[in-house]
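> This is a predicted model, with the sequence first.
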Amino acid sequence: MAEGKVEFELVSPEKLLLSEPVEMVVVPGAEGDFGVLHQHAPFISGVRPGVIKVHNGGKVTEAIFVSGGFAEVTPARCTVLAEQAVAVADIDRGEAEQQLKNARDDLTDAKDDHARDQAERQIAVAEAKIAAAAG
């Protein structure tokens, strides 16, 4: 691994999406965004719907939308286990807006707490996806 870099891995249920040394990675944590640099203190965090930003050469080199998951940080590595991940550039805003409409309809039609919770989660993901697509 390059000196002063942290090894970043992004894994979805389907495959390993990214594995490379980076200067910094910013993750949308459950309690707020957090940045990870080389020699970061170890911790584990939930990941909320949002955009992971990979920094190299002093700028953002990749922006990846994740719908949630978990992150594990060690002094040398940051691993994100994402429920779903897609490059921000690949987000279809029209599709995300349709997902939001469908989720809101599902919330209106929800007959129990479980269905309401699922619909609210889908709304949060769709809203975050639309925000990511907007830049």
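Nice, thanks for sending it over.
> residue ranges with poor pLDDT in the protein?
Scanning the chain with the threshold set as pLDDT under 70 gives 1-2.
> Show me the beta-bridge partners of the residue most central in space within the chain.
Residue closest to the average C-alpha location in the chain (C-alpha atoms, centre = their mean): V66, at 2.8 Å. On the basis of DSSP bridges, V66 is bridged to G50, A85.
> The chain should start at 30 in everything you say after this.
New numbering, starting at 30: the last item is V95.
> quick one, what contacts it?
If a contact means C-beta atoms under 8 Å, 6 or more residues apart in numbering, then V95 has 39, 57, 76, 78-81, 109, 111-114 as its contacts. Bear in mind the C-beta positions are built from the backbone N, C-alpha and C, glycine included.
> Which one of those residues is nearest to A157?
Taking C-beta to C-beta as the measure, A157 lies nearest P78 of those, at 3.6 Å.
> nearest to A125, of the contacts of V95?
P78 (11.1 Å).
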